[in-house]
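Q: Pasting the sequence and the predicted coordinates here, then a few questions.
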Amino acid sequence: MLRRSGRRAATILRTFPRAQQGRPRCWRSHGGRGVGAEISRRQFLGTAAAGGFAAASGAIRAGQEPPAAPAPPPRPRCIVDSHVHLKHGDAARTEYTADEIVHVMDKVGIAKSVVFAMSTTTQRSIDMAEKAVSKFPDRLIPYVYALPHYERPAIKEIQAALSGRLFRGVKIHAGECTLAEYVIDPVLALAGRYRAPCLVDCKGDHAAARRMAKAFPGTTLIIAHMGRYLATDGRLLDQFIGLAAECDNVLLDVSGVVLVEKIPEAVRTIGAKRLVWGTDGPHPKPDTVAFARTELDKVRQLDLGEDDKDNLLGRTILELLRLQ
């Protein structure tokens, strides 16, 4: 009876998506191109023990010292793209399907992606994200897009999305929504109550970012692009690094950062657990896969320790979203 119940429990667990089992899909560290790698603790210890015993026995029979233990295999690294658009804010309002996004992820070696739509209403963004995540529940993590304004705050729609536990964060873009307190503050307060981080593109407005961070210390703000998309003014990025150093509730997103040397500077100033990696993709030039791979290599090639890269490339955002 116990044996039959055990088989049934295992079958049920296999039926659920991996995300619901609380185990993020991982990818081999150091240059893997998307081949998933998982090995059980029992398998690893059994193989290592058998190999070590055989080597030691041979050395003892020969009257020699046993050889040194081989180097451990590279740790699996869970790579998470924390900035992916189902719909962009470009002139064409380009949209990408869940299949197109996951195709890029598979080619590049990305385990999970945070997805959202902009340039649309809050309710439409919810519908688009729900549809995408329903197809790939173990790969895609939805944010709700906040598009409040004075006449129509959209708070009820945002609250409904966050209370359902599917949506893990809020996307805010200053290009489509004013950051004035009478509009955005109710969104920030609501996000804090649900422990949902807000990914904010403040378009270089350091004063607005500082006001929000100070006014809502219980709400986590992820400042997109370290302050401004494709910024070439290092002093502006320094201001946002300084803001993160001043306010514990501020993290920095490194997508769209062309002054790549500022990323290690930020790591030295605030630590890698306060930065998250993303592509701000998909982008078609030169093609969606090449674009994502270039953005990933940008971080892989930095002079950072492996633990810092682990944090930056996935661990930080997974912990922040309570998925690890």
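A: It's in. Numbering: from 1, shown residues only.

Q: Now Val276, what are its backbone angles?
A: Here is the backbone geometry of Val276 (degrees, to the nearest 10): phi -130, psi 150.

Q: what about the helices in the protein?
A: Ranges of helices in the chain, per DSSP state H, are 2-15, 41-61, 98-108, 122-135, 155-163, 181-193, 206-215, 234-246, 262-270, 288-300, 306-310, 316-320.

Q: Nearest to Ile222, out of these?
A: Ile222 lies closest, by CB to CB, to one member of these: helix 316-320, at 8.2 Å. C-beta coordinates here come from the backbone N, C-alpha and C atoms, glycine included.

Q: helices or strands next to the closest one in the packing?
A: strand 80-87, strand 275-276 (3 or more CB pairs under 8 Å, 6 or more residues apart in numbering; DSSP states H and E).

Q: Now render these as a markdown table, adding mean pLDDT.
A: Shown next, in a markdown table, are these (pLDDT from 0 to 100):
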| stretch | mean pLDDT |
| --- | --- |
| strand 80-87 | 98 |
| strand 275-276 | 99 |
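
Q: Is it possible to get JSON lines of the ones you listed that adds distance to Pro148?
A: Converted to JSON lines, those look like this (distance: least, CB to CB, whole Å):
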{"stretch": "strand 80-87", "distance to Pro148": "18"}
{"stretch": "strand 275-276", "distance to Pro148": "24"}
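
Q: can you list those strands in TSV and add distance to Ile141 and mean neighbour count?
A: Listed next are the helices and strands packed on helix 316-320 as TSV, based on distance: least, CB to CB, whole Å; neighbours: other CB atoms under 10 Å:
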stretch	distance to Ile141	mean neighbour count
strand 80-87	8	26
strand 275-276	12	27
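
Q: Those strands: which one's closest to Ala290?
A: Nearest of these to Ala290, taken as CB to CB: strand 80-87 at 14.8 Å.

Q: tell me the angle the closest one makes with helix 98-108.
A: Relative orientation of strand 80-87 versus helix 98-108 (axes from the mean of the first three to the mean of the last three CA atoms, to 10 degrees): 150 degrees.

Q: now the angle between helix 122-135 and strand 80-87, please.
A: Using the same axes, to 10 degrees: strand 80-87 against helix 122-135 is 120 degrees.

Q: can I get the CA coordinates of strand 80-87 in PDB?
A: Only the C-alpha atoms of strand 80-87 are listed here, as PDB (Å, rounded to 0.1, in the frame of the first residue of the first chain):
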ATOM      1  CA  VAL A  80      17.100  34.700 -15.700                       C
ATOM      2  CA  ASP A  81      16.300  37.500 -18.100                       C
ATOM      3  CA  SER A  82      14.500  40.100 -15.900                       C
ATOM      4  CA  HIS A  83      13.500  42.500 -18.700                       C
ATOM      5  CA  VAL A  84      11.500  41.000 -21.600                       C
ATOM      6  CA  HIS A  85       8.800  42.700 -23.700                       C
ATOM      7  CA  LEU A  86       5.700  40.900 -25.000                       C
ATOM      8  CA  LYS A  87       5.000  44.400 -26.400                       C
END
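
Q: Quick one: distance of it to the chain centre.
A: 8 Å (CA atoms, centre = their mean, to the nearest Å).

Q: The spatially most central residue of the chain: what's it in contact with?
A: For the chain, the residue sitting closest to the mean C-alpha position, by CA atoms, centre = their mean, is Ser82 at 3.2 Å. By CB atoms under 8 Å, 6 or more residues apart in numbering, the contact list for Ser82 reads 113-114, 199, 222, 253, 255, 276-278, 317.

Q: try it again with 7 Å
A: 114, 253, 276-278, 317 (CB atoms under 7 Å, 6 or more residues apart in numbering).

Q: Same question for Glu261.
A: Neighbouring residues of Glu261 by CB under 7 Å, 6+ apart: there are none.

Q: Number the chain from 863, please
A: Sure thing, new numbering starts at 863, so read that last one as Glu1123.

Q: Tell me the spacing between it and Val946.
A: 25 Å (CB to CB, to the nearest Å).

Q: Any idea how many residues pack against the residue nearest to Gln1021 when sequence neighbours are not counted?
A: Distance criterion CB to CB, 6 or more residues apart in numbering; nearest residue to Gln1021, sequence neighbours excluded, is Leu1052 at 5.9 Å. Counted by other CB atoms under 10 Å, the residues lying close to Leu1052 total 20.

Q: And Leu1052, what's its pLDDT?
A: Looking at Leu1052, its pLDDT reads 98.

Q: how close does it sit to Val1006?
A: Taking CB to CB, one finds Leu1052 at 10 Å from Val1006.

Q: Which neighbours do those two have in common?
A: Ile1020.

Q: how's the chain carved up into domains?
A: Taking automatic domain parsing as the reference, the chain has its domains at 898-937, 939-1182.
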